[in-house]
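J.: Predicted structure and sequence below. I'll ask about it afterward.
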Amino acid sequence: MSSSEFIKCEVCGAPIHSYYKFCPNCGAPVKSTIVSRRVPTGVPELDKITEGGFEKGKTYLVAGETGTGKTIFSLQFLIHGAKNSEPGIYVTIDERPEALIADTRRFGWDLQQLVAERKLVIVPVRQYFAAKMWGKEMDVIVKNIVSELSKIQKTINAKRLVIDPVAPLVTMSTTEVTWTREYIRSLIFSIEDDIKTTNLITSEVPTGENSISRFGVEEFLASGIIVLGLAKVGNQVKRTLYVRKMRWTATNPVYYTFNIERGKGIVITGYLS
């Protein structure tokens, strides 16, 4: 067979038949399968794996244990958008905006400049939402949250939204499982219908557990799931990324390895052997 019938995989570099849809070496789709109506994630290698990134206007879940890179992934998604005419909203649960800006500056990311240029809004959750949630009915809570996010979205014409993590928007209201699941369903659908941003929510997985979300419903509502993890290989611990779900996208169940690099964020380096 002539060499012209082969192409090089853009992820791992292996030679593959030009008519293949996937690289048999690493599982990445070939270039011809990448579709247009996608929002780049900010991780170029992941965009190739997922046929161009996330579907516009949908919601995606990034799950993982503490320290696996969920917040870095989230900010990388927003920074890429902010630098490419897609302003974003970052709803932060665990950090004050000023502390987040200082920490990311040391990492090599200048969030303050993006905020000044109206390309990014950092929203501390308790300042905007806490008082609106206590003791209210579900539809009132969802309406209030979506209303506040919609106002912020209009101020910068935001195209991307991150809630990191989503759990505290729920647990400050109730611990009743059935109510919680219906609430999350209503919240996600309302954000998609009314705000129309491409959304990323994060969920912390308890160490040692097999679950990929806090309430057992996020994974069913999300259009895609990225699982970040840590794997021990010999005497080393490697960071892993696994596309658990990507609706209407041809992806293979492959564990990829990645590094966290200053000023860049998540950089996929290969696949876990």
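T.: Structure's in. What do you need?
J.: Now Thr104: closest residue in space, sequence neighbours ignored.
T.: Leu111 (5.2 Å; C-beta to C-beta, 6 or more residues apart in numbering). Backbone N, C-alpha and C define where each C-beta goes, glycine included.
J.: what's the pLDDT at the one you found?
T.: pLDDT for Leu111: 98.
J.: same question, Ile225
T.: pLDDT recorded at Ile225 is 94.
J.: Likewise for Tyr255?
T.: Note for Tyr255: predicted pLDDT of 96.
J.: Kindly tell me how buried it is, as a neighbour count.
T.: By the criterion of other C-beta atoms under 10 Å, Tyr255 has 16 neighbours.
J.: now the closest residue in space to it that isn't next to it in sequence: how far from Tyr242?
T.: Among residues not flanking Tyr255 along the chain, Leu272 sits closest, at 4.0 Å (C-beta to C-beta, 6+ apart). Distance of Leu272 to Tyr242, given as C-beta to C-beta, to the nearest Å: 9 Å.
J.: Do you have the strands of this structure handy? List them.
T.: 6-8, 15-17, 38-39, 54-55, 59-64, 88-92, 120-124, 160-164, 198-204, 224-233, 236-246, 255-261, 265-271 (DSSP state E).
J.: can you redo the ones you listed as TSV with distance to Asn144?
T.: Converted to TSV, the strands of the chain look like this (distance: least, C-beta to C-beta, whole Å):
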stretch	distance to Asn144
strand 6-8	52
strand 15-17	51
strand 38-39	27
strand 54-55	26
strand 59-64	19
strand 88-92	14
strand 120-124	14
strand 160-164	15
strand 198-204	18
strand 224-233	27
strand 236-246	30
strand 255-261	36
strand 265-271	33
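J.: How is this structure partitioned into domains?
T.: 1-33, 52-223 (automatic domain parsing).
J.: dump the residue contacts of Gly108.
T.: For Gly108, the contact set (C-beta atoms under 8 Å, 6 or more residues apart in numbering) comprises Arg262, Gly263, Lys264.
J.: repeat that for 10 Å
T.: Listed by C-beta atoms under 10 Å, 6 or more residues apart in numbering, the contact partners of Gly108 are Glu261, Arg262, Gly263, Lys264, Gly265.
J.: Would you agree Val245 is in contact with Glu218?
T.: Wrong residue type there; residue 245 is Lys, not Val. No. When contacts are counted by C-beta atoms under 10 Å, Lys245 is not listed as touching Glu218 (11.0 Å).
J.: burial measure for the nearest residue to Val227 once chain neighbours are set aside, as a count.
T.: For Val227, ignoring the flanking residues on the chain, the nearest one in space by C-beta to C-beta, 6+ apart is Tyr242 at 4.5 Å. By other C-beta under 10 Å, 20 other residues sit near Tyr242.
J.: If Tyr242 is in a bridge, with which residues?
T.: Val227, Tyr255 (DSSP bridges).
J.: sorry, back to before: overlap of the contact sets of Leu272 and Tyr242?
T.: Gly229, Ala231, Val254, Tyr255, Tyr256.
J.: Quick one: buried ones out of these?
T.: Among the shared contacts of Leu272 and Tyr242, those classed as buried by 16 or more other C-beta atoms under 10 Å are Gly229, Val254, Tyr255, Tyr256.
J.: Reformat those residues as TSV; add distance to Cys26.
T.: Output for these, formatted as TSV (distance: C-beta to C-beta, whole Å):
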residue	distance to Cys26
Gly229	18
Val254	6
Tyr255	10
Tyr256	8
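J.: now, among these, which is nearest to Gly53?
T.: Tyr256 (15.3 Å; C-beta to C-beta).
J.: how about the nearest residue to the closest one, chain neighbours excluded?
T.: Tyr256 sits nearest to Leu241 (C-beta to C-beta, 6+ apart), 4.7 Å away.
J.: Tally up the residues packed near the one you found, please.
T.: 26.
J.: would you list every one of the helices in this structure?
T.: Taking DSSP state H as the test, the helices found in the chain are 44-49, 70-82, 97-107, 111-116, 125-128, 138-156, 168-171, 177-190, 218-221.
J.: quick one, which of those helices is nearest to Gly64?
T.: The nearest among these, by C-beta to C-beta, is helix 70-82 at 5.3 Å.
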